[in-house]
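>>> when you get a sec, could you give me coordinates for this:
(chains A and B)
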Amino acid sequence: MSESASKDSPEQAEFRQYCRTWLASNRPGDPPVRLPLSALEIMTTEQMAYLQAWQQAAYDAGLVGCDYPSEVGGGGRSDCQRVANEEMMAARTPYFPNIIGLGMAAPTVLHHGQPELKQRLLPRLFSGEDIWCQGFSEPGAGSDLASVQTFAERKGDKWVINGHKVWTSLAHFAQWMILLLRTDKSHKYDGLSYFVVPISSELGKSVTVKPLIKITGETGFNEVIFDNLEVDDGYRLDELGKGWQVAMTTLLHERGAGELQTPRAGGLKGKGSHASTSGNLVELARNTERDGRPAAEDPLFRDRIMQQLICETGLAQNQRRARVPDLLDHPMRLLLQNKLLASEISQDTSALALEVAGASASLYLGDDKAPAGGQWNLAHMNSYGMTIAAGTSEVQRNILGERVLGLAKSK
Amino acid sequence: MKQPDNFGFGEEAALLKASARKFFNEKLPTSTLHALVAADHRPERGSECLWDPELWRQMVDLGWTMLAVPESAGGVGMPAVAVAGLAEELGRAAFPCPLLGTINASYVLAACGSGGEQALAEIAQGRAASLAVTNEQGSWAPGDTGVTDSAGKLTGTAWYVQDARKADRLLVSARSDAGIALYWVASDATGVTLHADTILDLTRDQAHVSFDNVAAVQVCSNGLAALSEALPAIWTILAADMVGAAEWQLQTTVEYVGTRQQFDHPLGFFQAVKHPLVNVMLQIDRAKSLVYNAACAIDNEPERAVQYAHMAKASASDTAAFASGRSVQLHGGIGFTWECFVHLYFKRQKHSQMLFGDAAWHRARLADIVIGPVPQAAA
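Numbers count the residues shown, from 1 in each chain, chains lettered A, B, ... in the order given. Coordinates of the predicted model:
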């Protein structure tokens, strides 16, 4: 951290000191409940209440929305969210629950919303009072996102929305949704529009939220069904038929390549939480006996664990090199690799852990003999969520091949 | 972390890299390189030493051989990240010359203390050098040498000497009564014989060098320490060369699959072609980031340099293998011919892959550091 601090502008240096002081006395105590690995897996109202209280406190202190204009509830600072994030990570605070709001809805609303709408929505988004979810994918529109069929029909100055969204994380807690839909069935891309719509206030009326059970047995995401939801035209973010361009703003930020830093906090580990890192893998290999000696002494496992360590270190160094223009061949080349690499490395590391674990890899959550309490199995299964969500690895490779290498667009 | 955010890759380093790319592009475009080194396709060609000594003289005049020579010895003393930038461009051009060997010798000599100063001064004056430090088994462990020093005279054979016939001086490791020591020998000195190896790589030459009672200047009595100190830089600079060569392989193949049409589309339209090329890019970027991280550690965080350099060379070796295979395969039939330029890089990368340790060798050393050595079984 000291070395990041040495590059601070005067504004950043002063703000860093402020964050550090505030966090020293205001970092929340240990959570009363087990926290999942990320906000997307929040299941209970107790978890949500604890995390919302933390986000509200951090917002009140000025650590959330730092670089957004003050008229929309932001801090009006310049390149300071990064500083706040570094200090919150260093202080090992909990993460923020309104991850979709902060990471995707806020930059999209800021860029494309009308002034009154921004002033109304963004302060409550930053504080975490309003939780946001994302209505993009549908049963018939996954990787081919632009084929969404949810339809809004014009009725005076209102729109009437019908359709079916899936994989909607946090919808069961959400007050608001960013919604990609169709206002014209005759044009694929040019028929799309982009809305913000209320969710919780319409439940049991025109909106239904049904939990989906994941491969792990956990809940976390949902189906959302719209049955004649009526909204004002003021909730539309795009110039009619330009919804795809608005969605691109969202997706760029979702994949970490947008220009606005997402407020990020974290590091505080709830009971029994666990990450798929090569460090944890080495620990497992030291503590697992295979053929009468620790797996950490087996040359094949050693080689493969080192491969994972090298991939992990390479990704961290990519993120560092992405900020050194003289060492970049193309401005987006490293940024567009982030999500693909992070998800695949985590998948491979957890898969290797299960091989190292041998027979004990059969044991799952709840078995007291399971390595890391069964979390490696859980992490490995969850890793497929990461290689599928937000553009599958296959779609990511298309994007990289087309946008960075300039190869012809695949169908 | 003591490393600067930008790897310490400053303005001077960026200028050096850009001017090196321009120099290689202008002086030795790939078609000229092919005409220079690949006119003869017979295997015997592999024992020849084909290069352009005039271009090398221009490189010496540009000061590139002095970059890794400390200022105190009359050199420029540029940081390792800057040298890595130059090596990346050298690899992108697959340029035949003794630059890597000369830089390697500079790093070892700089670790020799006062004994190395005279030799470094000769490098600063434009002498090209090569390391003669490997035994017949091709061991990359420092100190495994086939040469011995008895009463100040060298006898034996050093193997796998790179660009031996382009070098004016050899830095030889030999076993003496006091352990492994290092010696500075003119490659045309009495009793030194260069036996050309027949190699696959057309952009290098290689020899085993026999010493018959050769009078030599000892530059360092603790050769093991000096070699060990210099090895991270040697691995990293070679890895940088391989990253540059892999980027050439990627861009050349991307260009080809954008032009060649089959089934009414350019080949790059098909995901069976597109995705492997993206995978090549992912590997190159990983290796490149690890190279600059290792170089920056050499400059700023020497206690982490060994482990980061192991990562860089392991990653570069895997990248070289993968990029080479895909560059030939995705060129299809033409890629299988001598006239297509990809074979030049394929062969250079195959050579670089094992040079100074292949990927598995580096990962095994890395595991010894990160996990700890494997206890020897009780007898």
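>>> quick one, helices of chain A?
For chain A, the helices defined by DSSP state H occupy A:2-5, A:10-26, A:45-60, A:81-90, A:99-100, A:106-112, A:115-127, A:243-254, A:278-287, A:299-321, A:338-357, A:375-388, A:393-399.
>>> count the neighbours of the closest residue to residue B:365 other than its chain neighbours for me.
Spatial nearest neighbour of residue B:365, chain neighbours left out: residue B:310 (5.4 Å); criterion: CB to CB, 6 or more residues apart in numbering or on different chains. (Each C-beta comes from the backbone N, C-alpha and C, glycine too.) Other residues near residue B:310 come to 30 when the count uses other CB atoms under 10 Å in any protein chain shown.
>>> ok, residue B:310 to residue B:140 distance?
Going from residue B:310 to residue B:140 by CB to CB, to the nearest Å gives 12 Å.
>>> bridged to the closest residue to residue B:186 other than its chain neighbours, which residues?
In space, and not counting its chain neighbours, residue B:186 is closest to residue B:169: 6.0 Å by CB to CB, 6+ apart. Using DSSP bridges, the beta-bridge partners of residue B:169 come out as residue B:129, residue B:186.
>>> so who does residue B:169 touch?
Taking CB atoms under 8 Å, 6 or more residues apart in numbering or on different chains, we find residue B:169 in contact with B:105, B:119, B:122-123, B:127-130, B:184-187.
>>> can you pull the pLDDT of it?
Residue B:169 carries a pLDDT score of 98 in this model.
>>> and for the one 10 residues further on?
According to the predicted model, the pLDDT of residue B:179 comes to 95.
>>> check residue A:256 too.
Value listed for residue A:256 in the pLDDT field: 69.
>>> spell out the residue ranges of the helices in the stretch 251-379 of chain B.
B:271-300, B:302-331, B:342-354, B:359-370 (DSSP state H, counting those that start in this stretch).
>>> identify whichever of those lies nearest to residue B:206.
helix B:342-354 (8.2 Å; CB to CB).
>>> okay if I get the contacts of residue B:169 as JSON lines plus neighbour count and distance to residue A:318?
Output for the contacts of residue B:169, formatted as JSON lines (neighbours: other CB atoms under 10 Å in any protein chain shown; distance: CB to CB, whole Å):
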{"residue": "B:105", "neighbour count": "33", "distance to residue A:318": "32"}
{"residue": "B:119", "neighbour count": "27", "distance to residue A:318": "38"}
{"residue": "B:122", "neighbour count": "21", "distance to residue A:318": "40"}
{"residue": "B:123", "neighbour count": "27", "distance to residue A:318": "35"}
{"residue": "B:127", "neighbour count": "19", "distance to residue A:318": "39"}
{"residue": "B:128", "neighbour count": "23", "distance to residue A:318": "35"}
{"residue": "B:129", "neighbour count": "28", "distance to residue A:318": "34"}
{"residue": "B:130", "neighbour count": "28", "distance to residue A:318": "34"}
{"residue": "B:184", "neighbour count": "23", "distance to residue A:318": "41"}
{"residue": "B:185", "neighbour count": "24", "distance to residue A:318": "43"}
{"residue": "B:186", "neighbour count": "16", "distance to residue A:318": "45"}
{"residue": "B:187", "neighbour count": "21", "distance to residue A:318": "41"}
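>>> just put those residues in JSON lines and tack on pLDDT.
Output for the contacts of residue B:169, formatted as JSON lines (pLDDT from 0 to 100):
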{"residue": "B:105", "pLDDT": "98"}
{"residue": "B:119", "pLDDT": "97"}
{"residue": "B:122", "pLDDT": "96"}
{"residue": "B:123", "pLDDT": "97"}
{"residue": "B:127", "pLDDT": "97"}
{"residue": "B:128", "pLDDT": "98"}
{"residue": "B:129", "pLDDT": "98"}
{"residue": "B:130", "pLDDT": "98"}
{"residue": "B:184", "pLDDT": "98"}
{"residue": "B:185", "pLDDT": "98"}
{"residue": "B:186", "pLDDT": "98"}
{"residue": "B:187", "pLDDT": "97"}
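>>> and those residues, which is closest to residue B:349?
Of the contacts of residue B:169, the one sitting nearest to residue B:349 (CB to CB) turns out to be residue B:130, at 20.1 Å.
>>> tell me which residues in the one helix or strand residue B:224 maps to are buried?
Element membership for residue B:224 (DSSP states H and E) is helix B:223-259. Going by neighbour count (16 or more other CB atoms under 10 Å in any protein chain shown), the buried part of helix B:223-259 is B:223-250, B:252-254, B:256-258.
>>> so which of these also contact chain A?
Near chain A, judged by CB under 8 Å from any CB of the partner chain, the entries from the buried residues of helix B:223-259 are B:247, B:250, B:254, B:257-258.
>>> low-confidence stretches in chain B?
The model of chain B has pLDDT under 70 over residues B:1, B:377-379.
>>> count of residues packed around residue A:7?
Residues within reach of residue A:7, counting by other CB under 10 Å, total 11.
>>> now do residue A:30
Residues near residue A:30, counting by other CB under 10 Å, number 11.
>>> likewise for the one 3 residues further on?
Residues within reach of residue A:33, counting by other CB under 10 Å, total 16.
>>> how about it, phi and psi?
Residue A:33 has phi and psi values of phi -130, psi 160 when expressed as degrees, to the nearest 10.
>>> give me every residue that touches it.
Per CB under 8 Å, 6+ apart, neighbours of residue A:33: A:44, A:46-47, A:50, A:270.
>>> domain-wise, how is chain A divided?
A:2-96, A:133-254, A:278-404 (automatic domain parsing).
>>> next: chain B.
With domains defined by automatic domain parsing, chain B comprises B:11-222, B:225-370.
>>> could you check how far the longest one is from the centre of its chain?
Here the centre of domain B:11-222 is set off from its chain's centre by 9 Å, with CA atoms, centre = their mean, to the nearest Å.
>>> ditto for stretch A:81-91
On CA atoms, centre = their mean, the centre of stretch A:81-91 falls 17 Å from the chain's centre.
>>> touching chain B at all, it?
No. Stretch A:81-91 is not in contact with chain B by CB under 8 Å from any CB; minimum separation 11.8 Å.
>>> returning to that earlier point: state the distance from the residue nearest to residue B:186 to residue B:192.
Taken as CB to CB, the span from residue B:169 to residue B:192 is 11 Å.
>>> so what sits against both of those two?
With CB under 8 Å, 6+ apart, residue B:169 and residue B:192 have common neighbours B:185-186.
>>> can you name the residues of the stretch 101-250 of chain B that neighbour chain A?
Counting by CB under 8 Å from any CB, the stretch 101-250 of chain B comes close to chain A at B:247, B:250.
>>> which residues of the stretch 101-250 of chain B fall in strands?
Taking DSSP state E, counting those that start in this stretch, the strands of the stretch 101-250 of chain B run over residues B:129-132, B:147-150, B:153-162, B:169-176, B:179-186, B:192-196, B:206-215, B:217-220.
>>> before we move on, what about the stretch 101-250 of chain A?
A:132-135, A:151-155, A:158-169, A:176-182, A:192-198, A:207-212, A:221-232.
>>> of these, which is nearest residue B:367?
strand A:158-169 (38.3 Å).
>>> the closest one: how far from the chain's middle?
20 Å.
>>> helices and strands around that strand, which ones?
Here strand A:158-169 touches strand A:132-135, strand A:151-155, strand A:176-182, strand A:192-198, strand A:207-212, strand A:221-232, going by 3 or more CB pairs under 8 Å, 6 or more residues apart in numbering or on different chains; DSSP states H and E.
>>> who are the neighbours in contact with the residue in chain A sticking out farthest from the centre?
Relative to the mean C-alpha coordinate of chain A, counting by CA atoms, centre = their mean, the farthest residue is residue A:292 (42.4 Å). Applying CB under 8 Å, 6+ apart to residue A:292 gives no contacts.
>>> what's the nearest residue to the residue of the stretch 1-150 of chain B found nearest chain A if we skip its chain neighbours?
Closest residue of the stretch 1-150 of chain B to chain A, CB to the nearest CB: residue B:14 (4.1 Å). Distance criterion CB to CB, 6+ apart; nearest residue to residue B:14, sequence neighbours excluded, is residue A:326 at 4.1 Å.
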